[in-house]
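turn this into a structure:
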Amino acid sequence: MSFAKKAPLYGAAALALSGMAAGSAGLAGATLNGAGASFPAPFYQAAFASAAKQGIRVNYQSVGSGAGVRQFIAGTVDFGATDEPIKAAEASQVKRGVVQFPAVGGTIAIAYNNPSCKGLKLSQKQAVDVFLGKIKTWEQLKCGKGTINVVHRSDGSGTTFAFTNSLSAFSPEWKSKVGEGKSVKWPVGVGGKGNEGVAGILQNTPGSIGYVNQAFVKGKLKAAALQNKAGKYVLPNVKSGAAALNNIKLDGNLAGENPNPAGADSYPISTLTWILAYQKGNGAKAGEIRKAMTHLLGPAQSRADDLGYVPLKGNILNAAKKAVGRIGT
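Here you go, the predicted model:
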């Protein structure tokens, strides 16, 4: 079964399974509450649904990275999730201490809905010019016909940070006029909340183009092949994402990025996504949190590629697993 058919089943069933499986097995354990990035939501929901079979119950709310970080700082969740590593100024507000680690990788696709355009290829300059509003028609891209309708995120988003960070790496003009961040002042287009919201607008708007996690490219949507630093046109997928993520070096806080990675096989807009846990103050939930995150970094990784994500491997995975051990009571 393709991801397009499986994802709605995983997402819709995740919370129900987390309660039913634990209940039917008679296993005790606190329900954990997490919130944040929509980019990895299908992966998290599938992972936590499978964890429920071991009595690990997790309620994950896909509210966007910005909201997830705010809720984590406020202490209203057991863990947060973000596609942009937490800033030092934000981490300093968390008196319980921050344990940050990557949870999975992924690619950010430039997705489009235009049946008259088959096999769109975008140079880095063209990608920038579309989102600057300088390219207004499909004829200018020599692919299909009609007006281009740009769609972007309306909420604070780590996906937006990663996307605009790459556009800044592609173009000094973009960097000076728009820049990068969880929220930016878009020169053109309409906004949707979450990857789900952007994908929904794209599905319902012929002639539209926007950016979403590759996992959300389904139905009427197709992903453009994007020119990479080596000059090759590459589609977003597990292979091209893994090639790109191999160029990311993590710092002491397990944060890292490469907005325009080298390599002929690399997809240029590839990113990690992070979990934010508390170092202390978890009380009786500490053990359950460690179990949930160990499952996320263990058995769940084998399902990542089936769901449209890039599984963690090697040094990145080992560093993430080590960080889980710092989640204390």
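
contacts for stretch 85-96?
Contacts with stretch 85-96, where a contact means Cβ atoms under 8 Å, 6 or more residues apart in numbering, come from 69, 72-73, 75, 98, 100, 253-257, 274, 276, 278-282. No exception for glycine: its C-beta is placed from N, CA and C like everyone else's.

mean confidence for that stretch?
Averaged across stretch 85-96, pLDDT comes to 97.

give the buried residues for it.
The neighbour-count check on stretch 85-96 (16 or more other Cβ atoms under 10 Å) flags 85, 86, 90, 91, 94 as buried.

how much space between the first one and residue 241?
Taken as Cβ to Cβ, to the nearest Å, the spacing of residue 85 relative to residue 241 amounts to 18 Å.

contacts for stretch 158-177, please.
Residues from elsewhere that reach stretch 158-177 (Cβ under 8 Å, 6+ apart): 37-39, 64-66, 82-84, 108, 124-125, 127-128, 131-132, 152-153, 178-184, 187, 195, 211-213, 257, 259-260, 268-269, 271, 273.

can you tell me which of the contacts of stretch 85-96 are buried?
The neighbour count (16+ other Cβ under 10 Å) marks 69, 72-73, 98, 100, 253-257, 274, 276, 278, 282 as buried among these.

okay, and which of these map to helices?
69, 72, 73 (DSSP state H).

what residues are up against the second one?
Okay, so that is residue 72. 35, 36, 79, 80, 86, 94, 276 are the contacts of residue 72 under Cβ under 8 Å, 6+ apart.

quick check: phi and psi on the third one?
Read that as residue 79. Dihedral pair for residue 79: phi -160, psi 160, per degrees, to the nearest 10.

can you read off the pLDDT for it?
On the pLDDT scale, residue 79 gets 98.

count the neighbours of the closest residue to residue 123 other than its chain neighbours for me.
Among residues not flanking residue 123 along the chain, residue 227 sits closest, at 4.6 Å (Cβ to Cβ, 6 or more residues apart in numbering). Residue 227 sits with 19 neighbouring residues when counted by other Cβ atoms under 10 Å.

roughly how far apart are residue 227 and residue 187?
For residue 227, the distance to residue 187 - Cβ to Cβ - is 21 Å.

same question for residue 110.
16 Å.

before we move on, what about residue 57?
With distances taken as Cβ to Cβ, residue 57 is found 44 Å from residue 187.

those two: who's more crowded?
residue 57 (24 against 14).

of all residues in this protein, which one is nearest the centre?
Nearest residue to the geometric centre of the chain (Cα atoms, centre = their mean): residue 39, 2.8 Å.

okay, that residue: pLDDT?
Looking at residue 39, its pLDDT is 95.

for the longest strand that the chain contains, packing partners?
If you go by DSSP state E, the chain has its longest strand at strand 98-113. Packing partners of strand 98-113 (3 or more Cβ pairs under 8 Å, 6 or more residues apart in numbering; DSSP states H and E): helix 158-170, helix 194-204, strand 208-213, strand 222-223, helix 238-245, strand 270-278, helix 286-297, helix 314-324.

gap between the nearest residue to residue 244 once chain neighbours are set aside and residue 286?
What sits nearest to residue 244 in space, not counting adjacent residues and going by Cβ to Cβ, 6+ apart, is residue 270, at 3.6 Å. Separation of residue 270 from residue 286 (Cβ to Cβ): 33 Å.

more crowded one of the two?
Taking neighbours as other Cβ under 10 Å, residue 270 and residue 286 compare with residue 270 leading, 29 against 17.

what distance do you get for the more buried one to residue 195?
15 Å.

still on that earlier bit, for the residue nearest to the centre of the chain, what are phi and psi?
For residue 39, the backbone dihedrals (degrees, to the nearest 10) come out as phi -50, psi -50.

what's near enough to touch it?
Neighbour list for residue 39: 65, 83, 106, 108, 158, 159, 195, 213, 271, 273 [criterion: Cβ under 8 Å, 6+ apart].

what sits against the fourth one?
If I follow you right, that is residue 108. For residue 108, the contact set (Cβ under 8 Å, 6+ apart) comprises 39, 159, 162-163, 166, 211-214, 236, 269-271.

and what of the last one?
Contacts of residue 273 were listed using Cβ under 8 Å, 6+ apart, and they are 37, 39, 40, 81, 82, 83, 102, 103, 104, 105, 106, 158.
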